[in-house]
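> Requesting a structural model of the entry that follows:
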Amino acid sequence: MHFRQQALSKLQSPEQLDLPVRFARPQGLLVLAVTVAVMAAACFWAVTGSVASTLDAPGILTHARGSYLLQSPVAGQITEVLADEGETLPRDSPLLKVRTEQGERVVRTIDAGRLTSVTATIGAVVTTGADVASVERIDGADDPLVVLLYVSGSSAASVPVGAPVDLTVQSVPSQQYGVLRGEVAAVGRSAQTQQQITRFLGDAQLGKQFSRDGRPLAVLVKIERSDSTESGYRWSSAEGPPYAIGSMTLATGSVRLADQRPIDWLLP
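Residues are numbered from 1 along each chain as shown. Below you'll find the predicted structure:
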């Protein structure tokens, strides 16, 4: 029988106990060594390494005291505009002349600042409480700019004070001049409504834009100053743009959050 013949042949052949047994080829040992080295390096990095995460948020360049909407205290027809947009005005400065039933009245600023916009025009009829101008509160032309980022409430809790921030300014090509450097100076404690944002920035459209996805928290970013750039602020490039940057310019901030160890992702 076939199976019996195989058994007899095996019994007749001696065991080759004096020959070495090859468990793996040299190429296999090399692959095993490389795999073990990679796994050891990965475990070491997972325990001692760190991963930086960032949070992007929309914002705007402004001054720390914000702006206000100037409202007409009287009803009537505007006969004269007494200041130009961009002009810095002292407190109680005359801005408009309005013809009312009781005679001509003057609308004045309620705080010192820069006139950013005048919505009222000569000949227009205004009602009491109507918005006629927007004024940014500043003490002088040298007041430093800051950036207000509007971060969703669920994300703001992870933003630490002192975190570095890269700011992409809408009016500055980042590929050519880089980004502004700054750091988080303060994080708001309560969510901002559309009306609160509008009052602080003096712009209803911005209030609507920044609250479009819900009530955000305001994150104040201090911009790093520099005497070697034309703008007076520090950029990721050597010189930054060859011109000054103005307030009420939209920007996007990339906040670097606290570094996290990779092993924390794996542990519950």
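> Could you pull up the residues touching Glu85?
Residues touching Glu85, when contacts are defined by CB atoms under 8 Å, 6 or more residues apart in numbering, comprise 115-118. Just so you know, the C-beta spots here come from the backbone N, C-alpha and C atoms, and that holds for glycine as well.
> closest to Gly246 among those residues?
Thr116 (9.7 Å; CB to CB).
> what secondary structure does the closest one sit in?
Here Thr116 is strand, with the state taken from DSSP: H, G, I helix; E, B strand; the rest coil.
> Show me which pair in the contacts of Glu85 is furthest apart.
Set against one another by CB to CB, the contacts of Glu85 have their most distant pair in Thr116 and Val118, with a gap of 8.9 Å.
> which stretches of the stretch 51-200 of the chain form helices?
Assigned by DSSP state H, counting those that start in this stretch, the helices in the stretch 51-200 of the chain fall at 153-156, 174-177, 194-201.
> Tabulate the CA atom coordinates of the second one in CSV.
What follows is helix 174-177, C-alpha atoms only, in CSV (Å, rounded to 0.1, in the frame of the first residue of the first chain):
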residue,chain,number,x,y,z
SER,A,174,0.1,86.4,3.2
GLN,A,175,2.1,84.6,0.4
GLN,A,176,4.2,87.7,-0.1
TYR,A,177,4.3,89.4,3.3
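> Mind listing what's buried along it?
Going by neighbour count (16 or more other CB atoms under 10 Å), the buried part of helix 174-177 is 174, 177.
> Then the last one?
Of the residues in helix 194-201, those buried under the neighbour-count criterion (16+ other CB under 10 Å) are 194, 197-201.
> Give the next helix or strand downstream of it.
On the C-terminal side of helix 194-201, the nearest following helix or strand under DSSP states H and E is helix 204-210.
> and that following helix, what does it pack onto?
With contacts defined as 3 or more CB pairs under 8 Å, 6 or more residues apart in numbering; DSSP states H and E, the packing partners of helix 204-210 are strand 54-62, helix 194-201.
> which outside residues touch the shortest one?
Spelled out, it's helix 194-201. Counting by CB under 8 Å, 6+ apart, helix 194-201 makes contact with 60, 62, 66-69, 148, 150, 204, 206-208, 210-211, 248, all of which sit outside it.
> Just give me the closest of the contacts of Glu85 to Gly129.
The closest of the contacts of Glu85, once distances to Gly129 are taken by CB to CB, is Val118, at 16.8 Å.
> ok, what's across the strand from the closest one?
With DSSP bridges applied, Val118 shows beta-bridge pairing to Ala133.
> Roughly how far does it sit from Glu80?
Using CB to CB, to the nearest Å, Val118 is found at 12 Å from Glu80.
> rank the helices of the stretch 51-200 of the chain by pLDDT, which is bottom?
Out of those, helix 153-156 stands lowest, with a mean of 81 (criterion: mean pLDDT).
> buried residues in that helix?
Of the residues in helix 153-156, those scored as buried under the neighbour-count criterion (16+ other CB under 10 Å) are 155-156.
> okay, and for this protein, where does confidence drop off?
Counting by pLDDT under 70, the chain contains low-confidence ranges at 1-34, 36-38, 40-52, 141, 258-268.
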